[in-house]
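**Q** After the sequence you'll find the predicted model.
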Amino acid sequence: MSNAEIESHDVTLKDLNVLVSIATTGSFRAAAARLYTTQPAVTRSIARLEKAIGVRLFERGPRGAVLTGEGQTVLERARRVLGLVSEMRTDATSPDTRLVRFGAAATAAGSFLAPFLAQWIPSHPHVRLRMLEDGAARLRHRLEAGECDIAMIAAPVPATFDAGLITRIGVRAHFPENHPLAHTTEPVTLAELARHPLLVNDRPFVSMTLLFDAMESAGIQAQIIYQSSIGRTLAILAEAGLGVAVFGDSVDLRGMRLASRPVTADGVNQLGFELHVAWRRDGTPQWIRELGHDMSRFSQARRLPAG
C-alpha cells in the first residue's frame with residue numbers, strides 16, 4: 001500500500017470503529033466480519049490511523065492482533081470520541097431522551113443485564129442505552145474515568161463508588177458426562193485440573209485471574225490449549241471432548257450436556273467473587289442511581305441461569 005493511498009483520505013469515525021472492533025475481537029478478520037466489510041478495508045483503516053498518529057497500534061502474532069502500549073492509549077481516546085459522537089446524535093435527534101452509558105462484560109450482559117432490561121425498559125421509554133463491553137476488572141477503571149455512567153464491576157468496590165450487589169460468581173469446571181472428573185460433584189482441586197487440557201477465558205476475566213493466581217501460588221502449571229472471551233464457546237469445545245472448560249458460573253448453559261464441579265484452591269471453598277452494579281458517588285444523576293438499585297433488587301430476586 002502506497003503512502004499516497006493512505007494519505008488520500010483523512011481519518012474517519014469509521015477508522016476509530018475499526019480500531020475498537022479489532023481490539024475487542026483480537027483479529028483483523030473477525031473485526032471485518034463484525035463490521036460487514038473486508039479485511040483489506042480494515043487494514044487500510046489501521047494504516048491511516050497509524051500514519052496520522054505516528055505510532056504502531058497492533059502487533060500481529062500467533063495469538064492474533066495485540067495492542068501495543070501506544071495502541072492501548074489511542075484505543076481509550078477513540079472510545080471516548082465515539083461515545084461523545086453517540087451522545088451528540090442522541091441529543092440532537094431526541095432532546096427528551098436520557099442516555100445511559102452502561103458498562104458490562106458480554107457474558108454478564110446476557111445473563112444479568114438483558115433479563116433486567118426486558119422488564120425495566122418498557123416502563124422507561126425515554127431512556128436509551130449505549131453499551132460499553134469490557135472485563136469486570138477493567139470496567140472499574142473506565143467507570144472511574146467517566147467513560148460510562150454505570151457498570152457491572154467485580155469486588156472490591158472503590159470508596160468513590162456506590163453499588164448494589166448482583167450476585168456471587170463462582171468458578172466451575174465443565175466436562176462431558178463420561179469424563180474422568182465426572183465421578184463426583186465435590187469441588188475439583190487445582191492439582192486435578194492440571195492433569196487435563198484446559199479451555200479458559202483470557203486473564204482480564206476476574207474468574208481467570210483468581211484461577212491463574214491460585215495455580216501460580218501453588219506452583220501448578222496449567223495445560224491451557226484454548227482461550228476465548230465467550231464462555232459458551234468454551235463449553236461447546238468441552239462438550240466435544242477437547243478439554244475441561246473453566247469459567248465463571250454466570251454463563252447460560254441450558255441445552256448443553258455437561259457435568260460440572262466447583263473449583264477450589266484450598267480443597268473446600270469455591271473460587272469466586274462478588275459482582276456489583278456500581279456508579280460514581282459524586283455527579284451521578286438520581287435516575288441512574290435508581291436504575292442501579294432496581295437492577296440489584298431484580299438480580300438478587302432472580303435465580304441464576306441453569307448450568
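**A** Everything's here; your move. Numbering: from 1, shown residues only.

**Q** Partner strands of the top strand by length along the chain, with direction?
**A** Secondary structure of the chain per DSSP state E: the longest strand is strand 161-175. Listed by DSSP bridges, the sheet partners of strand 161-175 and their directions read strand 244-248 (antiparallel), strand 259-264 (antiparallel), strand 272-280 (antiparallel).

**Q** For it, buried residues please.
**A** Neighbour counts over strand 161-175 (16 or more other CB atoms under 10 Å) mark 161-164, 166-167, 169-175 as buried. Quick note: C-beta positions are derived from backbone N, CA and C, even for glycine.

**Q** farthest-separated two in the residues you listed?
**A** Checking the buried residues of strand 161-175 against each other with CB to CB, the farthest-apart pair comes out as 162 and 175, at 39.8 Å.

**Q** quick one: residue 249 and residue 172 touch, right?
**A** Yes: if you go by CB atoms under 8 Å, residue 249 and residue 172 touch, sitting 4.8 Å apart.

**Q** I'd assumed residue 55 was in contact with residue 67.
**A** No: distance between residue 67 and residue 55: 10.9 Å, which falls outside the contact criterion (CB under 8 Å).

**Q** Neighbour count: these two, which is higher?
**A** Here residue 67 and residue 55 are compared on neighbour count by other CB atoms under 10 Å; more neighbours surround residue 67, at 18 against 13.

**Q** Dig out what the more buried one forms beta bridges with.
**A** Using DSSP bridges, the bridge partners assigned to residue 67 are residue 58.

**Q** Which stretches in this structure count as helices?
**A** Listed in chain order, the helices found in the chain under DSSP state H are 3-7, 13-25, 28-34, 39-53, 69-93, 106-108, 114-120, 136-144, 190-193, 206-218, 231-239, 286-301.

**Q** in the fourth one, what's buried?
**A** Using 16+ other CB under 10 Å as the burial criterion, the residues of helix 39-53 that qualify are 42, 44, 45, 46, 47, 48, 49, 50.

**Q** pLDDT score for the spatially closest residue to residue 140 that is not a sequence neighbour?
**A** Across the structure, with CB to CB, 6 or more residues apart in numbering as the measure, the residue nearest residue 140 apart from its sequence neighbours is residue 153 (4.5 Å). At residue 153, the model reports a pLDDT of 93.

**Q** Could I get the contacting residues of residue 153?
**A** When contacts are counted by CB atoms under 8 Å, 6 or more residues apart in numbering, residue 153 is found next to 103, 136, 137, 139, 140, 143, 161, 163, 275, 276, 277, 278.

**Q** got it, and residue 102?
**A** With contact set as CB under 8 Å, 6+ apart, residue 102 has these partners: 113, 129, 130, 131, 132, 148, 149, 150, 151.

**Q** hmm, which two among these are most spread apart?
**A** The two members of those with the most space between them (CB to CB) are 113 and 149, at 13.7 Å.
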